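**Q** this one's sequence-less:
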DNA sequence: CTGAAAGCGCTTACAG
DNA sequence: CTGAAAGCGCTTACAG
């Protein structure tokens, strides 16, 4: 690398002040065309590019946003995260923001991490994906007025963008109702996540509204795990009064439940209809293809990035939230009651 | 945010020089325990954290690595990328390096981007995922001696870490051979990727070694797309001399080919055996579950990160390459010839 | 349209 | 173990 590729060097070569060179590269207008072209030519020849670290320091702005993503070995999350990143990056590129990634292990409490990164001046704002509910780091972030947006976690005290899990679940239950189902069981996700809680509450509320019975024995906890859902769903089939349909809070659990149903000698959807949530890729490959609720993931990423940039530029003030609509994708795992 | 959370401020409060405070936070030993504790206490009270941008500027080192990832809507890549990132971040966290993500659109030629980022001092080195073959930006990166590592792209002039596609393909072909297959067709990926080329060449070489016929009509190009593979594989079944086994250069294409076989009224594996490559999650869910070649993706990420950090610290000099072994995962899409 | 001075918040290289 | 001086490579805020 050329040692002297600095403003200073270019300025000497071009016989102008550093300020003039600085103006050329920060896109300021007030430079004569002639000077500007001379400077650009020299810069190109020596391979000059501004030192963005120095720029950040003097501007007190990094033009970078930090993204905290959970480290898990859960494949839905993998795809969820890349789609989110894709949405986020479309927006950040447009606004000339860079992306810093912080994969974090939520098993260890790393709320200190947000805070030190926020204070490090490395990033101007952060997006937190799938934060666990009780995290006092958030309160502190808020108190120092550092811009941040939550994704996949609803908390009215803070900014967040998420799918409308309540409406999504309602859609699914009503679909089953319209097919004639009255005995609808529910498989919940991990109840330390707002998503799981919203889906559970929406199930109860919708059932009540439709005057359908909510039986404790028809609600089991699959903790967002295929294996756990397979295991727990046994309870559903040990009863005299069998449900005719099962809503599962995610697709993986739906797959586990279908496996169990098949092993019980029953058939999906002939004997029991099953609905999932997420519309993961696999859901269209399993047998039968899964009816499920689709989340607009990359849109969530776009909205979150736009909101964060508005917060950074103080065009909006917290708390701001938005819930995006989901869509029901009807495949072969649900059918009309006979 | 407290306005005056700087070294200067802490130094005044603690009645020491800025240097002493600096020493405490850069982990230097030569500070008396008493002074050190006083400083830490004050820092904690006012919520001080070093300005890492300023540190980077004066140290001329960002302790950050850049990762260029392709923006595509190909779900295997999504999962591939997150697993890679997971491997990379395990290593970078350990070495106190941060991660900057640059999602790029390979349709536009963005080789300028690598170069400007390299020269911006934002990152100390970069990892390039799935670079297309003809990219003269790489040559320039090399000429300015900027540390970089390629992943999913083999080029002996540069540093790279990848799966051993040649051995992986050999494994698959030999598996078919051992099951009694002699007529083995090949579905290739996009031949502008070294992976696709390696798999094709290894197919030919292995067939030759086993004294099996290589027929032009048995080699089709599916361009790493399920739809394209489905389309092209028609040609395979319009012939008098049908292959009894088909090796596909990725799992998606294998799924497309199986679809075609079923539609032709034939059965997998009874009539035709099929092998894929990648071991994507879906491959265990399709019918029949796919025999395929597994790549050690997060290991590739770890190795790439370790290599890059060694290059940055000048513990190794380019070019350095490593190919990691793949594993054959035998499921139900292959069976013994009758 | 151009430039001289000061500053962003750290660390390096000395000196004691 | 501690500190004064200079510098990292830019931009801000003036002045002309």
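**A** Noted; the coordinates are in hand. All values derive from a computational prediction rather than experimental measurement. Numbering: from 1, shown residues only, chains lettered A, B, ... in the order given.
**Q** contact partners of the lowest-mean-pLDDT helix or strand in chain A?
**A** Confidence across the helices and strands of chain A bottoms out at helix A:75-94, with a mean of 85, counting by mean pLDDT, DSSP states H and E. Under the criterion Cβ atoms under 8 Å, 6 or more residues apart in numbering or on different chains, residues A:65, A:67, A:69-70, A:98-99, A:127, A:129-130, A:151-152, A:250-252, A:278, A:280-281, A:297-306, A:309, B:71, B:73, B:75, B:77-79, B:81-83, B:101, B:103, B:281 lie in contact with helix A:75-94. For the C-beta atoms, the positions are set from N, CA and C on the backbone; glycine is no exception.
**Q** which among these end up buried?
**A** A:65, A:67, A:69-70, A:98-99, A:127, A:129-130, A:151-152, A:250-252, A:278, A:280-281, A:297-306, A:309, B:71, B:75, B:77-79, B:81-83, B:101, B:103, B:281 (16 or more other Cβ atoms under 10 Å in any protein chain shown).
**Q** now, these that are in strands?
**A** A:65, A:67, A:69-70, A:98-99, A:127, A:129, A:151, B:101, B:103 (DSSP state E).
**Q** closest one to DNA strand D out of these, please.
**A** residue A:98 (15.2 Å; Cβ to the nearest atom of the strand).
**Q** so who does the closest one touch?
**A** By Cβ under 8 Å, 6+ apart, the neighbours of residue A:98 are A:62-65, A:92, B:100, B:102, B:122.
**Q** the residue in the stretch 51-200 of chain A positioned nearest to DNA strand C: what secondary structure?
**A** Proximity of the stretch 51-200 of chain A to DNA strand C (Cβ to the nearest atom of the strand) peaks at residue A:58, 3.5 Å away. What DSSP: H, G, I helix; E, B strand; the rest coil gives for residue A:58 is helix.
**Q** any idea how far it lies from residue A:302?
**A** Residue A:58 sits 31 Å away from residue A:302, going by Cβ to Cβ, to the nearest Å.
**Q** residue A:214 too?
**A** With Cβ to Cβ as the criterion, residue A:214 and residue A:302 are 37 Å apart.
**Q** residue A:257 too?
**A** In terms of Cβ to Cβ, residue A:257 sits 33 Å off from residue A:302.
**Q** and if you look at residue A:120?
**A** According to Cβ to Cβ, residue A:120 and residue A:302 sit 26 Å apart.
**Q** ok, now residue A:122?
**A** The value you get for residue A:122 to residue A:302, if Cβ to Cβ is used, is 23 Å.
**Q** what of residue A:41?
**A** 39 Å.
**Q** and residue A:118, by the same measure?
**A** Counting by Cβ to Cβ, the gap from residue A:118 to residue A:302 is 23 Å.
**Q** picking up where we left off before, and the residue of the stretch 51-200 of chain A closest to DNA strand C, how many residues sit next to it?
**A** 10 (other Cβ atoms under 10 Å in any protein chain shown).
**Q** surely residue A:246 meets residue A:276?
**A** No. Using Cβ atoms under 8 Å, residue A:246 is not in contact with residue A:276; the gap is 9.7 Å.
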